[in-house]
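> Give me a model of this one.
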Amino acid sequence: MIFFSIATAAVAPGIALLTYFYLKDKYEAEPLHMVIKVFLLGFIIILPVMILQSGLMLWLGEGSLVNAFVISAGVEESLKWFVLFHMIYNHTEFDEPYDGIIYATAISLGFATVENVIYSFAQQATVGTLLLRALLPVSGHAMFGVMMGYYMGRAKFSTGKDSRRFLVYSLLMPLFYHGVYDWILGNITHYWIWYIVPLMAYLWYGGIGKMYRANKRSPFRRLLEDRVNNTENRAS
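Modelled structure (predicted):
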């Protein structure tokens, strides 16, 4: 019973957040099986992430900046980006800018969920600890996913230099903020909450704005609006 309770508490935040992002797709919802597939890919990449991180620790050492920006954020965000670019970016279902956010948050939350499960059992986490992890690491991975997906969506529907620039942003922006997040938690032992809460508030504020702008750029938006207007005209 305790095992089931801990497992549920560890998995629930990731699923709840993914549901939230999925329901925010206003104009053309993604196939659920695709979203679940990408979410599960986040489970799978935990293995190569752990292997690469262990190797880099032996090679580069464990300096605070190296650990935060290269070993932790660098490896995790790069692998998520690599999977999305090679499996989703050119997929036919990626047909509007918000889709980038859906798939990037799916793989990010899949990764965060399995990481949360491992931590919960390895550290014998309490309910309070799991709640804190839902508000910080799991939520943080979601926001890094929003960033990655937003810029990947901009790249997909841009051309030339703009497309390449946004594609670079889709990796560097989440990597940078993930590194800042990890550096704060790893190096500020007292009053770290005064740094991490404003950072999370900023990430959520920016993330919600990106979600709104991505939806606004949907090619299906005008079609839906025209359909609604035609229906209203016929009714009147």
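> just for this protein, where's the confidence low?
1-6, 123-135, 223-236 (pLDDT under 70).
> give me that answer again for 80
Scanning the chain with the threshold set as pLDDT under 80 gives 1-10, 62, 119-136, 221-236.
> for the spatially most central residue of the chain, what are its contacts?
By C-alpha atoms, centre = their mean, the chain has its centre lying nearest to Gly145, at 2.1 Å. Shown in contact with Gly145 (C-beta atoms under 8 Å, 6 or more residues apart in numbering): Lys80, Ile101, Ala104, Thr105, Ala106, Ile107, Ser108, Leu109, Pro174. No exception for glycine: its C-beta is placed from N, CA and C like everyone else's.
> okay if I get the residues you listed as a markdown table plus neighbour count, distance to Leu58 and secondary structure?
Formatted as a markdown table, the contacts of Gly145 follow (neighbours: other C-beta atoms under 10 Å; distance: C-beta to C-beta, whole Å; DSSP: H, G, I helix; E, B strand; the rest coil):
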| residue | neighbour count | distance to Leu58 | secondary structure |
| --- | --- | --- | --- |
| Lys80 | 27 | 23 | helix |
| Ile101 | 27 | 36 | helix |
| Ala104 | 30 | 30 | helix |
| Thr105 | 33 | 32 | helix |
| Ala106 | 29 | 32 | helix |
| Ile107 | 30 | 27 | helix |
| Ser108 | 34 | 27 | helix |
| Leu109 | 27 | 30 | helix |
| Pro174 | 30 | 26 | helix |
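> Return the member of those nearest to Arg154.
Closest to Arg154 out of the contacts of Gly145 is Ile101 (10.7 Å), distances taken as C-beta to C-beta.
> Could you pull out the helices in this structure for me?
Taking DSSP state H, the helices of the chain run over residues 2-23, 32-44, 46-60, 64-65, 73-87, 97-122, 127-133, 139-156, 160-187, 193-216, 219-235.
> Flag every buried residue along the third one.
Buried positions in helix 46-60, judged by neighbour count with 16 or more other C-beta atoms under 10 Å: Ile46, Val49, Leu52, Gln53, Leu56.
> Could you do the longest one as well?
Across helix 160-187, burial judged by 16+ other C-beta under 10 Å covers 166-167, 169-171, 173-175, 177-185.
> Same question for the first one.
By neighbour count on 16+ other C-beta under 10 Å, the buried set for helix 2-23 is Ile6, Ala9, Ala10, Pro13, Gly14, Leu17, Leu18, Phe21, Tyr22.
> Which one of the residues you listed is nearest to Tyr150?
Phe21 (11.5 Å).
> who's in contact with the residue lying closest to the residue nearest to the centre of the chain once chain neighbours are set aside?
Nearest residue to Gly145, sequence neighbours excluded (C-beta to C-beta, 6 or more residues apart in numbering): Ser108, at 3.2 Å. Ser108 makes contact with Gly42, Lys80, His141, Ala142, Phe144, Gly145, Met148, according to C-beta under 8 Å, 6+ apart.
> What distance do you get for Ser108 to Phe85?
Separation of Ser108 from Phe85 (C-beta to C-beta, to the nearest Å): 14 Å.
> can you check Ile44 too?
In terms of C-beta to C-beta, Ile44 sits 16 Å off from Phe85.
> go on, Leu167?
When distance is defined by C-beta to C-beta, Leu167 is 8 Å away from Phe85.
> Find residues that contact each of these two.
Taking C-beta under 8 Å, 6+ apart as the contact rule, the neighbours common to Leu167 and Phe85 are Met152.
> Please look at Phe166 and Thr159 and confirm they touch.
No - between Phe166 and Thr159 there is no contact, the gap being 10.6 Å when judged by C-beta atoms under 8 Å.
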